[in-house]
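1. based on what follows, work out the 3D shape:
(2 chains)
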Amino acid sequence: MAGSTESSSHRLDRRLLIERLSSRWLQGAGYFAIALFALIVLALLYQSLPLLSEYSLVQALTSSNWDPAQNQFGFLPAIVGTIYVTALTMAMGTPIAILAAIYIAEYAEGRAKTLVSSFIDVLAAIPSVIFGLVALIVVVPVVGDYLAPAVGSSATGLGIFTVSLVMAIVVTPFMISLSVESLEALPDELRESSLGVGATKWETIRSVLLRAAGPGIFSAVLLGFGRVFGATIVPAMLIGGQTHLPSSPFATGQTLPTLIVNDFGELMSLPLTQSALIFVGLMLVVVVWLFNFTAMFVRRRLQRRWQY
Amino acid sequence: MTDAALTTDNLAVTYTGNRNVEALKGVSIEFPANQLTAIIGPSGCGKSTLLKSLNRLHEIQSNVEISGDVLLGEQSVYDTDEPVPELRRRIGYVPQTPTALPVSIYENVAYGLKIHGDYDSRAELDEQVEHYLRKVNLWSEVEDRLDAPGAELSTGQIQRLCLARSLAVEPEVLLCDEVTSALDPVSAETVEETLESLKDEYTIIMVTHSMDQAKRLADEVVFLYLGDCIETNDTRSFFENPQHERTAEFVSGHTVVGDDDDDESEPTATATTVEAGR
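-> Alright, predicted model coming up:
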């Protein structure tokens, strides 16, 4: 009897020790993520200092003259290009994503539903470089030969619009999948409550389901936004790689990520240029971070306002 | 006995999923007007299925087959040119889980009114919202926070909000699916009091698995067992002088009564019960 009591108290001691260690260990893993982020920001910041000591921040951000050979580092063309591509992509992709998600979650049934949603999953799984390749063969000639002339622009087909169109195709499947998930996670009681007072299906979707799934759809759109903002390979293949302020949607241009990939290899030997490109990286990280931070607050507000 | 507000005519419902499950095997029941009828029976015997098929709410599920008919007064619910939303306005539904729509307390009650355009001015809408919130004894608890999200209320308050939302479109029949089962005893009592005060004005059909609740509230009782309607009678006769052996067993507690979270819309649950009964 005494022996068994002793062994069970030993057992308890051991369990409690593991409990204490595991919580420390998990806490450590959590803080490691924060440390990693801080490390990335600090490394980028440190490497950006050579540039920032020679040029004022305002000057670098507002000048449109990018000519590393002449030590001219104006980031405005790439900033405008990034905003242009992101805005155009989201304007094309978001409405399609939400409408398609509504169709799949609320209207499609049986075989049609399986077919459509499995194709969307396949689209989401295709590496974006494939989209870039196919776009070079198909989209670029169409835009260059037909679409741009039709609106009175002359263009090769490479440029802001082509990038936005292809990026919309790249990110829309993700936004659809996530939006469908948040619509399908809603309890049927919401649908029954609304239909039960005589609302039509569309009224139920518009006034009840889109709100209730709103925070989830908002996150889906943000995830799409983040992917477009940081997209590298598709813009690098299709934007034309010219660092000037784009004059029309069909003009060539540059985004912040393409500025890095296009210039890094050849200009690495110039220390100030390297510092300038690292500063571009710093901008990307800071903007994404600020954006996620704001999004968290917006999402919380939506969740409170549209709770069910 | 008063006229029937709602009648089912050999109503049968089959779930056609991986295998066919007969949830309702052709039931013919009359629900008298301006009375509260309780549908009782063990878990998985088709109570919720019956309730939802009365205003075609089961149609939001894809794998359901139905035969027979429901009559609202003289009018067929299934064989009709009347649009389904209009039918559902006339036959309201309150779900088992207290569910606030993702809008404010005010908008929850105004929801149906706005859809149907049943008001001429903002002042009239305000008046209507207050009227129905008073009717479910909720007004004094929410009058100073009508703009707060409906979901911030307690579950008992939300269930009364649901009643107000349903009543606001003035349905002829109100279907209530175990509306107190998710509530604590005090909130449940408040909701029961509200139903009690409403039953003279509306035809209420309520699913419950509490025989005590049926005794307290109901004028009529319908006893379902494995998809069949075993007995319908006025409450007193039903409990004091049951006509069928099955009813007598159920009333005296010999039949195993299901647990709290019974879910008749789940075909597998129904299937096991059906097989167990054979």
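2. shaky segments in the chain?
-> Picked chain A for this. Scanning chain A for pLDDT under 70 picks out the ranges A:1-5, A:267-268.
3. not quite, I wanted chain B
-> B:1-2, B:254-278.
4. now the strands for it?
-> B:4-16, B:20-27, B:30-32, B:36-40, B:64-72, B:75-76, B:91-94, B:173-177, B:203-207, B:220-225, B:228-234 (DSSP state E).
5. neighbouring contacts of the last one?
-> Pointing back at strand B:228-234 there. B:25, B:27-30, B:219-224, B:238, B:242-244, B:246-247 (CB atoms under 8 Å, 6 or more residues apart in numbering or on different chains). Yep, even glycine has a C-beta here, placed from its N, CA and C like the rest.
6. kindly report the same for the fifth one.
-> When contacts are taken as CB under 8 Å, 6+ apart, the neighbours of strand B:64-72 outside the stretch itself are B:4-16, B:26, B:53-54, B:58, B:76-79, B:87, B:90-91, B:172-173.
7. residues of chain A that sit close to chain B?
-> For chain A, the residues in contact with chain B (CB under 8 Å from any CB of the partner chain) are A:109-110, A:187-200, A:203, A:207-208, A:211-212, A:214, A:304-308.
8. and those, which are buried?
-> With neighbours counted by 16 or more other CB atoms under 10 Å in any protein chain shown, the residues of chain A next to chain B contain buried members at A:189-200, A:203, A:207-208, A:211-212, A:214, A:306-308.
9. which members of those residues occur in helices, if any?
-> A:189-195, A:203, A:211-212, A:214 (DSSP state H).
10. now the spatially most central residue of chain A: closest residue in space that isn't a chain neighbour?
-> Among the residues of chain A, residue A:226 comes closest to the average C-alpha position under CA atoms, centre = their mean, at 1.7 Å. Nearest residue to residue A:226, sequence neighbours excluded (CB to CB, 6 or more residues apart in numbering or on different chains): residue A:288, at 6.4 Å.
11. hmm, residue A:129 is touching residue A:233, no?
-> Yes. Using CB atoms under 8 Å, residue A:129 makes contact with residue A:233 at a distance of 5.1 Å.
12. more neighbours, those two?
-> Between residue A:129 and residue A:233, residue A:233 has the larger neighbour count (other CB atoms under 10 Å in any protein chain shown), namely 17 against 12.
13. residues in contact with that one?
-> A:128-129, A:132.
14. from chain B, how far out is it?
-> 39 Å (CB to the nearest CB, to the nearest Å).
15. over to residue A:20?
-> 38 Å.
16. counting contacts, what elements does the strand or helix carrying that residue pack onto?
-> Assignment of secondary structure by DSSP states H and E places residue A:20 within helix A:2-54. Counting contacts by 3 or more CB pairs under 8 Å, 6 or more residues apart in numbering or on different chains; DSSP states H and E, helix A:2-54 packs against helix A:271-305.
17. can you list the residues of chain B near chain A?
-> B:52, B:55, B:57, B:60, B:62, B:85-86, B:88-90, B:92-97, B:99-103, B:111-112, B:115-116, B:149-152, B:162, B:165-166, B:168-169, B:175.
18. give me the buried entries from those.
-> If we count by 16+ other CB under 10 Å, the residues of chain B next to chain A have these buried: B:52, B:55, B:57, B:85, B:88-90, B:92-97, B:99-103, B:111-112, B:115-116, B:149-151, B:162, B:165-166, B:168-169, B:175.
19. which of those residues fall in helices?
-> Per DSSP H, the subset of those in helices is B:52, B:85, B:88-90, B:111-112, B:115-116, B:162, B:165-166.
20. thinking again about what came up before, tell me the gap between the following helix or strand past the helix holding residue A:20 and the middle of its chain.
-> Next helix or strand after helix A:2-54 toward the C-terminus (DSSP H and E): helix A:57-62. The chain centroid and the centroid of helix A:57-62 are separated by 25 Å under CA atoms, centre = their mean, to the nearest Å.
21. and if you look at stretch A:64-79?
-> The answer for stretch A:64-79 is 25 Å, by CA atoms, centre = their mean.
22. from the stretch 1-150 of chain A, which residue is nearest to chain B?
-> Distances between the stretch 1-150 of chain A and chain B by CB to the nearest CB are smallest at residue A:109, namely 4.8 Å.
23. that residue touches residue B:62, doesn't it?
-> Yes. Between residue A:109 and residue B:62 there is a contact at 4.8 Å, judged by CB under 8 Å.
24. give me the element residue A:262 is part of.
-> Residue-wise, residue A:262 maps onto helix A:256-267 under DSSP H and E.
25. give me the neighbour count for the residue nearest to residue A:226.
-> Counted with other CB under 10 Å, residue A:288 comes out at 14.
26. who's in contact with it?
-> A:226, A:229-230.
27. let's go with 10 Å and repeat that
-> By CB atoms under 10 Å, 6 or more residues apart in numbering or on different chains, the contact set of residue A:288 is A:225-226, A:229-230.
28. is the residue nearest to the centre of chain A in contact with residue A:285, as I believe?
-> No. Counting by CB atoms under 10 Å, residue A:226 does not reach residue A:285; the two are 11.9 Å apart.
29. state the distance from the nearest residue to residue A:101 once chain neighbours are set aside to residue A:103.
-> Distance criterion CB to CB, 6+ apart; nearest residue to residue A:101, sequence neighbours excluded, is residue A:179 at 3.5 Å. Applying CB to CB, to the nearest Å, the value for residue A:179 to residue A:103 is 11 Å.
30. higher neighbour count, the two?
-> residue A:179 (28 against 15).
31. wasn't the more buried one part of a helix?
-> Yes. Assignment of residue A:179 by DSSP: H, G, I helix; E, B strand; the rest coil places it within a helix.
32. what's near enough to touch the closest residue to residue A:200 other than its chain neighbours?
-> Among residues not flanking residue A:200 along the chain, residue B:85 sits closest, at 5.0 Å (CB to CB, 6+ apart). Neighbour list for residue B:85: A:195, A:197-201, A:203-204, B:115-116 [criterion: CB under 10 Å, 6+ apart].
33. check the residues you listed and tell me the two furthest apart.
-> Greatest spatial distance among the contacts of residue B:85 (CB to CB): A:201 and B:116, at 15.7 Å.
34. residue contacts, whichever residue of the stretch 151-278 of chain B sits closest to chain A?
-> In the stretch 151-278 of chain B, the residue that lies nearest chain A is residue B:151 (4.1 Å; CB to the nearest CB). By CB under 10 Å, 6+ apart, the contact list for residue B:151 reads A:212, A:304, A:306-308, B:98-105, B:108, B:158, B:161.
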